[in-house]
Structures are given as structure tokens and as C-alpha cells.
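K.L.:
Next input, structure requested:
(chains A and B)
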Amino acid sequence: MKRTVFAYPYVVWMLIFIFAPMLLIVYYAFTADGAVTLENLRGALDPMYLEVLLRSVWMALRATVACLLLGYPVAYLLSRMKKSAASILSVLFVVPMWMNFLLRTYAWQVLLNANGILNGVLAALGLPQQSFLYTEGAVMLGMVYNFLPFMVLPIHTVLSKMDRSHIEAASDLGANPVQAFFRVTLPLSMPGVISGITMVFIPSITTFAISRLLGGGKFVMYGDLIENQFLLMQDWGSGSALSFILLVLVLISMAVMRRAEGEAGQEGGMLW
Amino acid sequence: MGDKHLIELFDVSKDYEGDAALRHINLYVKDGEFLTLLGPSGCGKTTMLRIIAGFVLPSSGKVLLDGADMARIPPYKRRVNTVFQKYALFPHLNVFDNVAFGLKIKKLPKAEIDSRVRAMLELVNLKGYEKRGVEQLSGGQQQRVAIARALVNEPEVLLLDEPLGALDLQLRKDMQVELKRMQQRLGITFIYVTHDQEEALTMSDTIVVMKEGVIQQIGTPQDVYNEPRNAFVADFIGESNILPGVMEQEYMVSFAGGNFKCVDKGFGERDVEVVVRPEDVDIIPAGRVGENGMTGVVKSVLFMGVHYEIRVDTGDHLWQVHTTDLVDIGERVGLEILPDAIHIMRKPA
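P.N.:
The predicted model follows:
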């Protein structure tokens, strides 16, 4: 019996739960009352929606950069630590991911709100209260917090697999530790960086709920827009057209990342 | 080769969490010398190399390079370059950029980098490979890139950590000759780590034989081969018959059930070890055995190309003999060992 047989359930799963919904999106996006039309797409390209799209891309880019700037040093330190200490810390990093995404975000609501812990600390220090919740900063915080592990893990994987002798060779050839990092460690860890960027940027751009919970609906993201069209407006045509635009955007960004990965040469430091 | 001591190690020891990798090493390396650290794996030769390169700090003792104490000098400030065991070429850079790495760090003018890298690639026979990725190269080519990458910096000392270990026999022989030629042409001091005694004998000016973190003998290849200081050196450098003996009187030792004339005297103690090289045992007809001789039965014969490797059982010892005489298994033969072929050594403590 061929081993590929064991993959069949997975293929069926993919067909039902991934491929079929995508087909449905395309179907609803380009039809109205059973007739083929571009009306939905035209509606979705309304400047108001495009502004939301632009904001989503902008927020996702900033969240990705923030994750990279925070995540790379963390991954680097983890890879330089003793194995036992590093594995304890990685567990600490991963444990919050076992909890539901919405619960984690609700937790931040509690921390940030007017009577929350953060303001409690400020009050104890005799400082004026701040409104943290329902700001753009709170939305960014929520995104960075939720997606940071997806940046840390692939970079950590690449860094800890890296051959120490390359860094020794750089040092042997006269590179001080900073030069060795920028000329050898960083370029060699690019596959992990690219995986991390992909795994943070795509969920960031498609995210919903975070902006509602932490931004109070003031900073609508594209994911929220789609959710509203389907659930609130019950307008499947418009929702599907918006989804279709996002899908295309995601595919384009994945193609760009794949290409960058090809140029970085090495095999990717994927999380899975 | 100058008389200047380019590198000096004074009483250098290194412990790894209680395990001694090096014990009280004293060594100097002369300017322009080809020095080989030879020993089995785990003898501390690589640790010694890494201490000189600066990747490992000694637990105690002092390392001087050109008279300057290296204790606080990190690897990137030492005028020493290394050819790593697995080359450690940068996979994200092509051949040219790998070789140019050190020069770019020094921020030399572009034109100078270009000409020096090209000259170096020509020296190692890799002209025309500038744009190739290093992972597309064969083992021998990668090896030469690694050598070029180190030598282009014009180091005072080149450290080589078993650089030929990954190559096949023919390539290894060619590279041995090529390396030796480069060393003589450039006049750079080479410190070469290997566990291959033949490699050590053919390439070195000086061989340092090590075992368990202790230097066993320092000498020219001829010294180390012909006058091994102890049974370990004798056994490690080439093959040897090693057997226990008793000094009966000066210039007379007994072993394998007989008395033999020898050229050694004044050992003080009676119990010694006797070392005889297989090629120093002569096969003679059994009937002509006289002084310094014995008889035995041929147990095995192996044809090795130039010579035969045979084993002869004399009842007290199974002798390894290298000879060009053809004998048959089971034949009774005479063995003769001339006095100057008998090396007497102190028993290890």
C-alpha cells in the first residue's frame, strides 16, 4: 500500500474546509442573484473601503516591524543561552499561545482600562491617569503581543541551528562582534527573518476583533470590515468581494516573501 | 626559517569543567616554521590551536605572539588566521567575497582588494571561480578557498585544523605538496593540526607529539621517527614492535628470550621497553642465526605493493616485519636485529 494513502484524509479536509470556502468567496464576489457581475467588486473598491485597506496595511507593516525589532533580539538571546534556560524561556513564550486569542486580548482590556492595573500603578506613583484603552497604541500593542511568538520562533530556529564556526571565521578574519553580526549572523538568519515577517504580516493584515476590543471600533481594520459585511449587514456579495481583494493582497505578499526567501538562499526556518 | 620565537606558550593549561584538555604546555614556534601538532583525537591539539587563535582562553599560563601577551587580545585583533576543519566558508557569499572578507573588514581600497583577491585565487588555482557560490564547489576547491581566505590577509601565522581530513587520498597527497610549497614560497609560519602521522612526517619542520594534553616529544620528523622518546611516540609514529626488556648490562638488553647487543647505556633501572621498527627486522635463513638473532615461524604474509608485511612468531613475541623477501606461511625463518635498530625506552610511570 502506498504511504500517500495516509494523506487522503488531510486532502479531503483541505478540500472541504479551505478550498471550498475559497471557491464560495469567488462565487459570491462575482455574482448577484445568480448572475455574473462586477458590481460587488466595484462596490468594494469604494474609496472609503480602500482607506480602511490602506490603514490595515499600514498598521500591519508597523506591527511587523515592531515584532521584528522586539523579536530578533529575543531570538538572538535565546539562541545564545544555555539550552536548559532557553527551553524554559521558550515555554514561557509559547504557553500564552495555548490560550484562546480572544481571551488574551480581553486580558489586555482589563490591564489597560481606566481602572486597570496600569492606571493603578500610575495612581500609586501619584501620576495622572492615562487613557490607554481605545487608542491606536492599544491596537498595535494587541497585534504585537499576539503575533510576536510567530516572529521569535522561526528566527530562533535558524539562529540556534547556525554553525558557530561561521562566526568564529568572521572573528578570525578581523571582524569585531558587531561586524560579525551584521556581515555573517544577520545575513545567514535571513530565512528565519523572512518566515517571521510572513507569519506576522499576514495574520496582522487579516486580523479582526483586536481593533474592536482594544480600539473600541475607532480604528476599523479590513478584517473587521469583512466581518461586519457578513454578520452585521448580511451582504455576502460585498463581504466576499472585500475578502477577494484581501486574498489577492495576501497572495501577492506571499509571492514577494517567497521570492525574497529564494534570494536569501537557504531553506526557510519555518515554524511548522 | 628564522631563530626568532614567533609564538611562545609558557606553562599553558586548559580545563573543561574539571577535565584537563592541556597540561603545563611549554612550546615555542620559530618564525617561518612548519610545525605540526600530532596526536590521537582528544589529545588537546585542537584546543592548543584554538588557544593560539584566541577562541579559547587558557585556564592558566601565558601565550606570547611576537613577544606580546595575548591574554586580553580577542581573535579579531590577532595577526593569525585559521583554516577551519570544515572550512566554515560563508554560504551567503561567493568565492570572491569569501576571500575578500578580511580585506573588506580592514576597509582597504577596492582596487587593492580586487588585485589581492585575484592574485590569491590564482595562487590556489581557482582563477575564474570568482562568481561561483561556495556550496557549488567540490571539497578540494572549498579547501582552497578556505586557504586563500586566510592567506590573503598576510597573517604572521596560519593555523590549520586538520584541513585535509575531508578529502580523498589522492587529493590529500596533492594538497600536502601544494600546501608545503605555498608555505615555503610565502615564508609564513604554519601550525598544522593532524592525527595523520604520514602527513606530519612529510610536511613538517617540527613535529609536536601529544597525548592526553601532554607533549610527548618535540623534534624534527627524523628525530621523532628514528629516536622516539617513549613507546607511545614509537607506536603512534609508524608501526613498531614494542616489548618489555631487561637491561642486563651496559650495551646489552634481554627480551623475547634472548640477549641482544644494543647502543644504549646508563638507564639506571633494569626494566625497560624495547622498540623495534618492522623494517629494521631482517629476515635471514633459519640456519644462519647468530648474534642478535632468533628463529620463528611465519604466521601471515600481506603484500603491500613495495614490501610484504609479515608476522613471525618466535614463541615469546609476534614480530611485525616489513621485508622485500618473499617467505611462505608456516616457513621457519631467522630474524636479525642490528644493535642500532634496538631502541630502549624508560617504562612509563
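K.L.:
Enumerate the residues of chain B near chain A.
P.N.:
Within reach of chain A by CB under 8 Å from any CB of the partner chain, chain B has these residues: B:53-55, B:74-77, B:80-82, B:84, B:86, B:88-92, B:101-102, B:105-106, B:149-150, B:153. The C-beta positions use only the backbone N, C-alpha and C, and glycine is treated the same way.
K.L.:
Quick one, which of those are buried?
P.N.:
Buried residues within the residues of chain B next to chain A, counting neighbours by 16 or more other CB atoms under 10 Å in any protein chain shown: B:53-55, B:75-76, B:80-82, B:84, B:88-92, B:101-102, B:105, B:149-150, B:153.
K.L.:
Let's see which of these end up in helices.
P.N.:
B:Ala53, B:Phe101, B:Gly102, B:Ile105, B:Arg149, B:Ala150 (DSSP state H).
K.L.:
B:Met304: which of those residues is nearest?
P.N.:
B:Met304 lies nearest to B:Ala150 out of these, by CB to CB, at 36.7 Å.
K.L.:
what residues does chain A put near chain B?
P.N.:
Going by CB under 8 Å from any CB, the residues of chain A near chain B are A:163, A:165-166, A:168-176, A:179-180, A:183-184, A:187-188, A:190, A:264-266.
K.L.:
can we see that at 6 Å?
P.N.:
Within chain A, the positions near chain B by CB under 6 Å from any CB of the partner chain are A:Ser165, A:His166, A:Glu168, A:Ala169, A:Ser171, A:Asp172, A:Leu173, A:Gly174, A:Ala175, A:Asn176, A:Pro187, A:Leu188.
K.L.:
List only those of those flagged as buried.
P.N.:
A:Ser165, A:His166, A:Glu168, A:Ala169, A:Ser171, A:Asp172, A:Leu173, A:Gly174, A:Ala175, A:Pro187, A:Leu188.
K.L.:
Make sure the fourth one is indeed in a strand.
P.N.:
No - counting by DSSP: H, G, I helix; E, B strand; the rest coil, A:Ala169 falls outside a strand, being helix.
K.L.:
doesn't B:Ala88 make contact with it?
P.N.:
Yes - counting by CB atoms under 6 Å, A:Ala169 touches B:Ala88, with 4.1 Å between them.
K.L.:
could you say what helices and strands the lengthiest helix in chain A packs with?
P.N.:
Ranked by residue count, the top helix of chain A under DSSP H comes out as helix A:47-80. Contact here means 3 or more CB pairs under 6 Å, 6 or more residues apart in numbering or on different chains; DSSP states H and E; on that basis helix A:47-80 packs against helix A:136-161, helix A:190-205, helix A:222-227.
K.L.:
one more time with 10 Å, if that's ok
P.N.:
Under the contact definition 3 or more CB pairs under 10 Å, 6 or more residues apart in numbering or on different chains; DSSP states H and E, helix A:47-80 sits against helix A:39-44, helix A:83-98, helix A:136-161, helix A:190-205, helix A:210-215, helix A:222-227, helix A:236-264.
K.L.:
Burial check on residue 69, number of neighbours?
P.N.:
Went with chain A since none was named. Residues contacting A:Leu69 under the criterion other CB atoms under 10 Å in any protein chain shown number 11.
K.L.:
Actually, chain B is the one I wanted.
P.N.:
The tally of other residues near B:Asp69 (other CB under 10 Å) stands at 11.
K.L.:
who's the closest residue to it other than its chain neighbours bridged to?
P.N.:
Nearest non-adjacent residue to B:Asp69, counting by CB to CB, 6 or more residues apart in numbering or on different chains: B:Lys62, 6.2 Å away. With DSSP bridges as the criterion, B:Lys62 is bridged to B:Phe10.
K.L.:
Now do B:Lys62 against B:Arg72, distance only.
P.N.:
Counting by CB to CB, to the nearest Å, the gap from B:Lys62 to B:Arg72 is 12 Å.
K.L.:
Neighbour count for the two, which is higher?
P.N.:
A direct count of neighbours by other CB under 10 Å for B:Lys62 and B:Arg72 places B:Lys62 higher, at 13 against 7.
K.L.:
Show the contacting residues for that one.
P.N.:
B:Glu8, B:Leu9, B:Phe10, B:Asp11, B:Val12, B:Asp69, B:Met70, B:Ala71 (CB atoms under 10 Å, 6 or more residues apart in numbering or on different chains).
K.L.:
Show me which of the residues you listed is closest to chain A.
P.N.:
Of all those, chain A sits closest to B:Met70, with 13.9 Å by CB to the nearest CB.
K.L.:
so that closest one sits right up against B:Val56, yeah?
P.N.:
No - contact criterion CB atoms under 10 Å: B:Met70 and B:Val56 do not qualify, at 11.5 Å.
K.L.:
Those two: which is more packed in?
P.N.:
More crowded of B:Met70 and B:Val56, by other CB under 10 Å: B:Met70, with 23 against 18.
K.L.:
Tell me the pLDDT of the more buried one.
P.N.:
With respect to pLDDT, B:Met70 scores 90.
K.L.:
And A:Gly269, by the same measure?
P.N.:
44.
K.L.:
quick one: contacts for the residue nearest in space to the middle of chain A?
P.N.:
The centre of chain A sits closest to A:Val200, judged by CA atoms, centre = their mean, with a distance of 2.5 Å. Contacts for A:Val200 were tallied using CB under 10 Å, 6+ apart; they are A:60, A:63-68, A:71, A:143-144, A:146-152, A:154.
K.L.:
So how do I select the buried members of those in PyMOL?
P.N.:
Command for PyMOL that selects the buried part of those, burial taken from 16+ other CB under 10 Å:
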select buried, chain A and resi 60+63+64+66+67+68+71+143+144+146+147+148+149+150+151+152+154
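K.L.:
Next, count neighbours for A:Ala180.
P.N.:
22.
K.L.:
Okay, strands next: where are they in the stretch 101-250 of chain B?
P.N.:
B:157-161, B:189-194, B:206-211, B:214-219, B:241-249 (DSSP state E, counting those that start in this stretch).
K.L.:
can you list these in CSV and add mean pLDDT?
P.N.:
As requested, the strands of the stretch 101-250 of chain B are exported to CSV (pLDDT from 0 to 100):
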stretch, mean pLDDT
strand B:157-161, 95
strand B:189-194, 95
strand B:206-211, 95
strand B:214-219, 94
strand B:241-249, 89
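K.L.:
mind putting those in JSON lines, distance to B:His24 included?
P.N.:
Converted to JSON lines, these look like this (distance: least, CB to CB, whole Å):
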{"stretch": "strand B:157-161", "distance to B:His24": "21"}
{"stretch": "strand B:189-194", "distance to B:His24": "19"}
{"stretch": "strand B:206-211", "distance to B:His24": "12"}
{"stretch": "strand B:214-219", "distance to B:His24": "8"}
{"stretch": "strand B:241-249", "distance to B:His24": "26"}
